[in-house]
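In: take this sequence and fold it.
(4 chains)
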Number of protein chains: 2
Amino acid sequence: MQQRSEITRKRIMEAATRLFANAGYNATSVDQICKEAGVSKGAFYHHFSSKQAIFVALFEDWIVALDDGMKEMHKENIPQTLLYLTNMIPLIFETADEHLPIVLEYWLLAGHDEVIRAAILAPYRHYQDLFAKLIEEGMAEGTLKTINPQAAAQVIVSLAVGLLIQGILDPKGADWQKVASESIQILMNGLGKEDIGLSL
Amino acid sequence: MQQRSEITRKRIMEAATRLFANAGYNATSVDQICKEAGVSKGAFYHHFSSKQAIFVALFEDWIVALDDGMKEMHKENIPQTLLYLTNMIPLIFETADEHLPIVLEYWLLAGHDEVIRAAILAPYRHYQDLFAKLIEEGMAEGTLKTINPQAAAQVIVSLAVGLLIQGILDPKGADWQKVASESIQILMNGLGKEDIGLSL
DNA sequence: TTTATAATACCGACCGGTCGGTATGTTTTT
DNA sequence: AAAAACATACCGACCGGTCGGTATTATAAA
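Out: The predicted model follows:
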């Protein structure tokens, strides 16, 4: 078995994910992670140089997973595509449920650390550009009003971030998928050139 | 002089605000706060029962300040009122600049602590209801489409939260006041019954 | 007004415990 | 046997909170 090392590493990361999500980064000790993973401290520090290191690794893993999930999202037209994206929300909340609180924590650290801030700003701008391109496509295909794509993308991203934050804070406070699709529809009736009969 | 006590308390809170904003809650020790405030640890624990207590006190102060700023916000019509609110953003960023990172931290803690979550959810719902009422007024005065007020309020609050988060993370990444007013206008063209010529 | 009494505000040394990280030894893989 | 993977014991710094005691201020009796 050449995999033993990888298995151990994976177990450590899974344990860390669970504990970080439950109690937060600061409230979770390396010892706890080791215990949860059924692994010694030596093993931990063999795989990760520091506590922060595993945190960063977790975040990067999540970004990759998110990007994968967004690969096949194009629908017949842009409004439909945007609306379709809201269907991903429960999926995101389900599969990445444990990652979300960690992301929030990562944002927090970004506020205090220049390096981390740069790291988190990059994927964020990536998504903003992605949406801006979608808007442009929508304008090209004639389903969207003529509008500043960057500004519109900004609105969408802000909305998404806001919904995400609230979803993290108060998961059972609302049916977030429903809220998200309603929000997009409201937004769309402002963005859409005319009523194009949006439906799920 | 019974004021000595109040002065001390104020100094402690100001010092804590500064340090929390710079380094974050966890990275700031009570000793540091005392040193920054030029006060002993005994004085600190005389005024605040715990480190968490001063954190909560800081948050509550901020909410009160925010509410005060929102007192006189009604304009000639609802869309104008909403648009006007975006003018408050630089003010918020200016006066509450030091509070904002703390707020993010508060959200984070809320995710792990039931009590704190309840405390933060209350004002948040307060604002949601406030906006819902504004929407209803707008419908009544005929400047807004017929729409589910709660859903529309949700969109606005989500948007606001999203903008706030981004503003905290990347204060100089954009002219957030401009972004905010553009966002509201985009949203409004979806909410507004017809083009009513919005302008600042 | 002065003095006695009580209450409040403040001081700073100290403690129990935790935590991230290391040093060193043992087992497993190559 | 050499190297990688893992285990155990331990260190030193730090941190939130306590506590016995001391100023300072308010209240009231003399």
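In: output the contacting helices and strands for the helix or strand where residue A:15 lies.
Out: Using DSSP states H and E, residue A:15 sits in helix A:4-23. Secondary-structure packing of helix A:4-23 (3 or more CB pairs under 8 Å, 6 or more residues apart in numbering or on different chains; DSSP states H and E): helix A:30-37, helix A:41-47, helix A:51-69, helix A:99-112. Every residue, glycine included, has its C-beta placed from N, CA and C.
In: now the shortest one, how far from the centre of its chain.
Out: To tie it back to what came earlier, the one meant is helix A:41-47. Centroid separation between helix A:41-47 and its chain, computed with CA atoms, centre = their mean, to the nearest Å, is 28 Å.
In: so which of the helices and strands packed on helix A:4-23 is the most packed in?
Out: Most buried of the helices and strands packed on helix A:4-23 by mean neighbour count (mean count of other CB atoms under 10 Å in any protein chain shown) is helix A:99-112; its value is a mean of 20.
In: residue A:156 against residue A:131, yeah?
Out: Yes. In this structure, residue A:156 is within contact of residue A:131 by CB atoms under 8 Å, at 5.0 Å.
In: which of those two has more neighbours?
Out: Shown here are residue A:156 and residue A:131; by other CB atoms under 10 Å in any protein chain shown, residue A:156 has more neighbours (26 against 21).
In: OK, contacts around that one?
Out: Going by CB atoms under 8 Å, 6 or more residues apart in numbering or on different chains, residue A:156 touches A:82, A:131, A:187.
In: assumed it was part of a strand.
Out: No. Counting by DSSP: H, G, I helix; E, B strand; the rest coil, residue A:156 is not found in a strand; it is helix.
In: longest helix in chain A, please.
Out: When chain A is parsed with DSSP state H, its longest helix is helix A:114-141.
In: tell me the helices and strands packed up against it.
Out: Partner elements for helix A:114-141 (3+ CB pairs under 8 Å, 6+ apart): helix A:51-69, helix A:78-95, helix A:99-112, helix A:149-169, helix B:149-169.
In: try 7 Å this time
Out: Other helices and strands packing on helix A:114-141, by 3 or more CB pairs under 7 Å, 6 or more residues apart in numbering or on different chains; DSSP states H and E, are helix A:78-95, helix A:99-112, helix A:149-169.
In: make TSV from the ones you listed and add distance to residue B:103 and mean pLDDT to it.
Out: As requested, the helices and strands packed on helix A:114-141 are exported to TSV (distance: least, CB to CB, whole Å; pLDDT from 0 to 100):
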stretch	distance to residue B:103	mean pLDDT
helix A:78-95	23	67
helix A:99-112	11	73
helix A:149-169	11	83
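In: comparing the ones you listed, which comes out most buried?
Out: Across those, averaging neighbours per residue (mean count of other CB under 10 Å) puts helix A:149-169 on top, at a mean of 22.
In: for that helix, C-alpha coordinates in PDB please.
Out: In PDB, the C-alpha atoms belonging to helix A:149-169 read as follows (Å, rounded to 0.1, in the frame of the first residue of the first chain):
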ATOM      1  CA  PRO A 149     -22.000  44.100 -17.300                       C
ATOM      2  CA  GLN A 150     -19.600  44.700 -14.500                       C
ATOM      3  CA  ALA A 151     -22.200  46.600 -12.500                       C
ATOM      4  CA  ALA A 152     -24.800  43.900 -13.100                       C
ATOM      5  CA  ALA A 153     -22.300  41.200 -12.200                       C
ATOM      6  CA  GLN A 154     -21.500  43.100  -9.000                       C
ATOM      7  CA  VAL A 155     -25.200  43.000  -8.000                       C
ATOM      8  CA  ILE A 156     -25.400  39.300  -8.600                       C
ATOM      9  CA  VAL A 157     -22.200  38.500  -6.700                       C
ATOM     10  CA  SER A 158     -23.300  40.800  -3.800                       C
ATOM     11  CA  LEU A 159     -26.600  39.100  -3.800                       C
ATOM     12  CA  ALA A 160     -25.000  35.700  -3.800                       C
ATOM     13  CA  VAL A 161     -22.600  36.600  -1.000                       C
ATOM     14  CA  GLY A 162     -25.400  38.000   1.100                       C
ATOM     15  CA  LEU A 163     -27.600  35.000   0.600                       C
ATOM     16  CA  LEU A 164     -24.700  32.700   1.400                       C
ATOM     17  CA  ILE A 165     -23.900  34.600   4.600                       C
ATOM     18  CA  GLN A 166     -27.500  34.400   5.700                       C
ATOM     19  CA  GLY A 167     -27.700  30.800   4.800                       C
ATOM     20  CA  ILE A 168     -24.700  30.100   7.000                       C
ATOM     21  CA  LEU A 169     -26.100  32.100   9.900                       C
END
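In: might one say that residue A:16 is in contact with residue A:58?
Out: Yes. Residue A:16 is within contact range of residue A:58, at 6.4 Å (criterion: CB atoms under 7 Å).
In: which regions of chain A lie under the pLDDT threshold?
Out: Within chain A, the stretches falling below the threshold (pLDDT under 70) are A:1-2, A:69-76, A:78, A:83, A:86-100, A:114-116, A:190-200.
In: go with 80
Out: Applying pLDDT under 80 to chain A picks out residues A:1-3, A:63, A:65-124, A:165, A:168-173, A:177, A:188-200.
In: can the helices and strands packed on helix A:4-23 go into JSON lines with extra columns for distance to chain B?
Out: Formatted as JSON lines, the helices and strands packed on helix A:4-23 follow (distance: least, CB to the nearest CB, whole Å):
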{"stretch": "helix A:30-37", "distance to chain B": "14"}
{"stretch": "helix A:41-47", "distance to chain B": "21"}
{"stretch": "helix A:51-69", "distance to chain B": "13"}
{"stretch": "helix A:99-112", "distance to chain B": "5"}
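In: of all the ones you listed, which lies closest to DNA strand D?
Out: Closest approach to DNA strand D among the helices and strands packed on helix A:4-23 is made by helix A:41-47 (2.1 Å; CB to the nearest atom of the strand).
In: just checking, what packs against the closest one?
Out: Helix A:41-47 is packed against helix A:4-23, helix A:30-37, with contacts defined by 3+ CB pairs under 7 Å, 6+ apart.
In: most centrally placed residue in chain A?
Out: With distances taken as CA atoms, centre = their mean, the residue of chain A nearest its centroid is residue A:66 (6.2 Å).
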